[in-house]
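Novice: The following block contains a protein sequence and its predicted model.
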Amino acid sequence: MDKLRTRFAPSPTGFMHIGNLRSAIFGYLMVKHQNGDFILRIEDTDQTRKVEGAVDFIYNTCKLCGIHFDEGPNNGGEYGPYIQSERLPLYKKYAEELVEKGAAYYCFCTEERLNKLRKIAESEKRAFQYDGHCKNLTKEEIEEKLKAGVPYVIRQKMPKDGVSTYEDLVYGKISVENRILEDQILLKSDGYPTYNFANVVDDHLMHINVVARGNEYVMSTPKYNLLYDAFGWERPTYIHLPMVLGGDGQKLSKRNGDASFMDLYHEGYLPEAIVNYLALLGWSPNSNQEIFSLDELIKEFDPKRISKSPSIYDEKKLQWVNAHYIKKLDDERLFEITIPHLKEAYDLSQHDDAWVKELVLLYKDHISYGKEIVSVTEMFFHDKLKLNDECIDFMKDESIPNTLKVFQEEIQNMNDWTVENIKEAINHTKEKAGVKGKMLFMPIRIQITGVMHGPELPNTIHLLGKDTVLKRLGE
RNA sequence: GACCCGUUGGUGAAGUGGUUGAACACGCCACCCUCUCAAGGUGGUAUUCAUGGGUUCGAAACCCAUACGGGUUACCA
């Protein structure tokens, strides 16, 4: 069997949303499972959508995720160029070849005529389909118009009857009646190929034998196959992926909580966690395992276990996965995904690096993504503590003023400001004030941090600093 | 409208005719741990498998309708 080769073929929009990334991941896993090649091809046949720097952006995103390309615009390969706008002459040549073979034809129909046809179809409540007006032009007529420079497109000649069938690795057998297939445009009047055509030509030329893409193409795949057949090329294996939807069951959008990969990344989600989560959206392993490294995913991946129904993107579960990875993260990376957020939110000039790092470490097990460090550490940066009702209630106990007073004295008399000494101070307070457990810790915690929960108290106090602590105890 | 695809709990899902009175995970709740929260541990919650018909000794699983959802129907990709 030939080496597996698939491609990720995005448009250079400078944006990669979760669904796109997932397609890339699935393609990558599919092909790497069998040691195949993963190729990047840029589909920029719609010049109006092109964005500067988009190719690098795609490379960066994938690199962060651990996905590498065996071939592509930035790393070359045997079958380049890998940017469609650089392959223009090719498409024309192949389109003309198809005309010669009788599988396509020149069409000189104007937009006005097409629009008129469309209107008629609409008024008759019929689906519009090109009527094949130019299909039967004589050779002389065509020559003449070409010579006269009349703008033209090249259209695919579709069979009028019969049924086209193919086998999809996910959806199984798909059949579509040929009569609903339109004589679609292959080559636009500006000389650019349409997506559909460029895809087939490039896939063949680049020896792509596995096509993994969104299931919005399930129904148009017979058109592609007809093209392969007309050329006498071998059809690839198709894997159509179910869609990813937002929480409202609608297509992903900013509105329903969609985030692009970069948004998530910048909020301190780890790429490996995102990849892990995404791999589980619409695919399930043969076991109950939930946490997978990329290598494990490659080993376990089986396209037969891709589900057919759309999946809903659930940020809660992503957070759970991400939190899992954060717990195992080495400190340096933890700092990278948290400290910039702290810097942005708070004035850190009063603190040195070591202090900031200690703070982050204190919350390592408490956050599920990097940016969450900001909300969770608020008490360190805002002096005004607002107690909620529960705290106020708690503070009503009559033993509390004394407990706080004793503790305050302990702090005042402390020479070395260390976690150990603070622990000692709490212990002394226990003895001197005659309180323990909750009645010992809670008053101190509430008075100093303003809330009833948080990480370990001595460490928290230590980080807050003696001055702040005394100030809050005095209030 | 036509065509294609889908429909297991709040979410991701396992399941491919019979230890399923439907696994596992997220979420949620409770308990344990803990000064507290988180983490961790334990337990619980929720789907009778969209609906209605078949086929079968037996169906979530096979077949047919219906409903709902999504997709396609561009000189966009």
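Specialist: Sure thing, it's come through. Residues are numbered from 1 along each chain as shown, chains lettered A, B, ... in the order given.
Novice: Check the average confidence over the host helix or strand of A:M439, would you?
Specialist: Secondary structure assigned from DSSP states H and E places A:M439 in helix A:438-449. Mean per-residue pLDDT for helix A:438-449: 91.
Novice: Report all helices and strands that the helix or strand that comes right after that helix contacts.
Specialist: Once the chain leaves helix A:438-449, the next helix or strand it forms, by DSSP H and E, is helix A:457-464. Secondary-structure packing of helix A:457-464 (3 or more CB pairs under 8 Å, 6 or more residues apart in numbering; DSSP states H and E): helix A:353-362, helix A:419-433, helix A:438-449. Placement of C-beta: from N, CA and C, glycine included.
Novice: For the closest residue to A:G214 other than its chain neighbours, grab phi and psi.
Specialist: Using CB to CB, 6 or more residues apart in numbering and skipping the chain neighbours, the partner closest in space to A:G214 is A:L241 (5.6 Å). For A:L241, the backbone dihedrals (degrees, to the nearest 10) come out as phi -90, psi 140.
Novice: thinking A:L241 is in contact with A:E216, fair?
Specialist: No. Using CB atoms under 8 Å, A:L241 is not in contact with A:E216, being 9.7 Å away.
Novice: of these two, who's got more company?
Specialist: Using other CB atoms under 10 Å as the criterion, A:L241 and A:E216 rank with A:L241 on top: 28 against 10.
Novice: residues touching the more buried one, list them.
Specialist: A:22-23, A:26, A:170, A:212-215, A:282, A:306 (CB atoms under 8 Å, 6 or more residues apart in numbering).
Novice: Ok, A:E290 next?
Specialist: A:280, A:321.
Novice: quick one: it and A:Q447, what's the gap?
Specialist: Distance, A:E290 to A:Q447, using CB to CB, to the nearest Å: 41 Å.
Novice: Would you mind naming what in the stretch 1-150 of chain A lies close to RNA strand B?
Specialist: A:9, A:11, A:43, A:45-46, A:49, A:109-111, A:114, A:125, A:127-130 (CB under 7 Å from any atom of the strand).
Novice: Out of these, which one has the lowest pLDDT?
Specialist: For these, the pLDDT minimum is A:R49, 68.
Novice: Show me what from the stretch 301-450 of chain A comes close to RNA strand B.
Specialist: Residues of the stretch 301-450 of chain A lying near RNA strand B (CB under 7 Å from any atom of the strand): A:304-305, A:307-312, A:314, A:316-317, A:319-320, A:323-324, A:327, A:365-366, A:437-438, A:440-442, A:445.
Novice: redo that, cut-off 6 Å
Specialist: Within the stretch 301-450 of chain A, the positions adjacent to RNA strand B are A:305, A:307-309, A:311-312, A:314, A:316-317, A:320, A:327, A:365-366, A:437-438, A:441-442, A:445 by CB under 6 Å from any atom of the strand.
Novice: Now, of these, which are buried?
Specialist: Buried members of these, counted by 16 or more other CB atoms under 10 Å: A:311, A:441-442, A:445.
Novice: before we move on, the earlier item: a markdown table for the helices and strands packed on helix A:457-464, including distance to A:H207?
Specialist: A markdown table is the format used below for the helices and strands packed on helix A:457-464 (distance: least, CB to CB, whole Å):
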| stretch | distance to A:H207 |
| --- | --- |
| helix A:353-362 | 48 |
| helix A:419-433 | 62 |
| helix A:438-449 | 63 |
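Novice: Point out the most buried one among the ones you listed.
Specialist: The highest mean neighbour count among the helices and strands packed on helix A:457-464, using mean count of other CB atoms under 10 Å, belongs to helix A:438-449: a mean of 20.
Novice: Report the angle between it and helix A:457-464.
Specialist: Angle, helix A:438-449 to helix A:457-464, by axes from the mean of the first three to the mean of the last three CA atoms, to 10 degrees: 20 degrees.
Novice: picking up where we left off before, elements contacting the helix holding A:M439?
Specialist: Counting by 3+ CB pairs under 8 Å, 6+ apart, helix A:438-449 packs on helix A:389-394, helix A:400-412, helix A:419-433, helix A:457-464, helix A:466-473.
Novice: contacts for it?
Specialist: A:379, A:385, A:387, A:391, A:394-395, A:397, A:399-400, A:403-404, A:407, A:426, A:429-430, A:433, A:451-452, A:454, A:457, A:460-461, A:464, A:469, A:472-473, A:475.
Novice: Restricted to buried residues, select the residues you listed in ChimeraX.
Specialist: Buried subset of these, written as a ChimeraX selection, criterion 16+ other CB under 10 Å:
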select /A:379,385,391,394,400,403,404,407,426,429,430,433,451,454,457,460,461,464,469,472,473
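Novice: which regions of chain A lie under the pLDDT threshold?
Specialist: Scanning chain A for pLDDT under 70 picks out the ranges A:1, A:47-49, A:253-258.
Novice: just so I have it, where are all the strands in it?
Specialist: A:5-8, A:37-40, A:104-107, A:153-156, A:163-168, A:172-177, A:185-187, A:210-214, A:237-241, A:244-245, A:311-312 (DSSP state E).
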